[in-house]
Structure formats: structure tokens, C-alpha cells
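>>> any chance you can model this:
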Amino acid sequence: MEQWLPILFGYLFIFGARVIDMSLDVIRILMLMRDRRILAAVIGFFEVTVFVLALNEVLKGGLNDPGKVIAYAGGFATGNYIGSLIEERLAMGFLSIQIYPPMSLVNDITNQMRNEGFGVTSVTGCGRDGERIILFVLIKRKDLSKAMKIINQICPEVFFNVSDAKRIHGGVFPVKKGK
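Numbering: from 1, shown residues only. Predicted structure coming up:
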């Protein structure tokens with residue numbers, strides 16, 4: 001059993017290092033997308049350091065040990081998954097929602113969104129079936145579930161689009177209510 005301990009530790013090290021390095025990779029890319037270049041560079045430094053250490057462990061003694069390759073690939077996949085969970089929890093930045101409600105529900109959605117503190121801009125457009133109102137709502141990423149709840153309560157079958165808003169200036173956003 002004792003002869004297997006170093007081998008098992010090697011596998012766990014490779015797996016854990018890849019989880020860390022890929023999680024850092026996801027966060028670094030998020031920082032770049034949010035124009036946080038200095039922070040992205042610092043994260044990138046640690047990411048590559050961990051990557052090199054993991055790769056060194058894989059390459060020790062050649063690539064004859066499939067366990068090392070499996071640990072490396074498993075850590076890569078798990079790191080991507082964990083990185084996406086971290087990114088979701090950070091909820092940094094802003095999103096833009098374009099809502100295409102039936103004319104009969106435009107006021108309901110607009111009023112409810114505004115009652116919750118969201119800014120709503122309505123624009124008249126022309127679709128396949130004629131004139132319609134498009135609602136534009138810019139939100140903080142952390143408020144997405146709150147906005148989706150409002151939309152789904154009023155009109156669950158409504159067509160909408162959510163996209164990333166890289167940079168914003170001004171606007172109306174919900175204010176945290178006092179305790």
C-alpha cells in the first residue's frame with residue numbers, strides 16, 4: 001500500500017492543480033471581458049504557475065502512465081465547471097434584456113420592472129405581424145433571476161434576449177433598500 005501513496009498523491013496533485021488552474025483561467029477571462037486588465041494579469045501569473053507545475057508532474061517519467069493523463073483531463077474538465085460556478089456567483093458586470101411582449105402586456109411588464117427599480121426603455125419596432133413595442137432593460141448580472149421572475153410571472157411565453165453589456169454609463173438600477 002505504501003508504494004501506491006506517492007503515485008496516488010501525484011494523481012491528486014495533477015487533478016487539483018488543473019482544477020485550480022482552469023478555475024483561474026475562467027476568472028481571468030471574465031476580468032479581461034470586464035476591462036480589469038491588471039487583475040487579469042495577476043490571475044494569469046498564478047494560473048500559468050500552477051499549470052506549469054501540473055504539466056511537469058504529468059511529464060515526469062514520460063507519458064506512459066494513463067492515470068496522469070486521466071487526472072490531467074479530469075482536472076481540466078472539473079476546473080472549467082468550477083470556474084463557471086465561481087463566475088456565476090461573482091455575477092460581475094451588466095446584462096441587456098430585450099423583451100418583445102404582446103401589446104396587451106407592455107404596460108404590465110414595464111410597470112412591474114420599474115416598480116422593482118429597473119430602468120425600462122420602450123421602442124416601437126415593426127415585426128412580421130406589424131408594429132410592436134420592444135422593451136430594453138439594462139440590469140446588473142446579479143439581478144437576472146429577479147428580472148426573469150418578473151417576466152415569467154407576467155408572460156411566461158414572451159420572447160426575450162439576454163446579452164452581455166461590456167461597458168455602460170449612467171442608467172437606472174435598483175437601489176438596495178435600508179435595513
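
>>> from now on I want contacts and neighbour counts done on CA atoms only, so please keep to that.
Noted.

>>> where are the low-confidence patches of this protein?
1, 167, 169, 172-173, 175-179 (pLDDT under 70).

>>> quick one: the strands in it?
Secondary structure of the chain (DSSP state E): strands at 94-100, 120-127, 130-140, 159-165.

>>> can I get the ones you listed in CSV including mean neighbour count?
CSV is the format used below for these (neighbours: other C-alpha atoms under 10 Å):
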stretch, mean neighbour count
strand 94-100, 20
strand 120-127, 13
strand 130-140, 19
strand 159-165, 13
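
>>> and of those strands, who's closest to Glu57?
strand 159-165 (38.3 Å; C-alpha to C-alpha).

>>> quick one: list the elements packing against the closest one.
With contacts defined as 3 or more C-alpha pairs under 8 Å, 6 or more residues apart in numbering; DSSP states H and E, strand 159-165 has these neighbours: strand 94-100.

>>> how about a cut-off of 10 Å?
Packed against strand 159-165 by the contact rule (3 or more C-alpha pairs under 10 Å, 6 or more residues apart in numbering; DSSP states H and E) you find strand 94-100, strand 130-140, helix 144-154.

>>> could you dump these to a markdown table with distance to Met31?
Formatted as a markdown table, the entries for the helices and strands packed on strand 159-165 read as follows, by distance: least, C-alpha to C-alpha, whole Å:
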| stretch | distance to Met31 |
| --- | --- |
| strand 94-100 | 13 |
| strand 130-140 | 16 |
| helix 144-154 | 20 |
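
>>> coming back round to it: in JSON lines: the strands of the chain, plus distance to Glu47.
Formatted as JSON lines, those follow (distance: least, C-alpha to C-alpha, whole Å):
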{"stretch": "strand 94-100", "distance to Glu47": "26"}
{"stretch": "strand 120-127", "distance to Glu47": "40"}
{"stretch": "strand 130-140", "distance to Glu47": "28"}
{"stretch": "strand 159-165", "distance to Glu47": "25"}
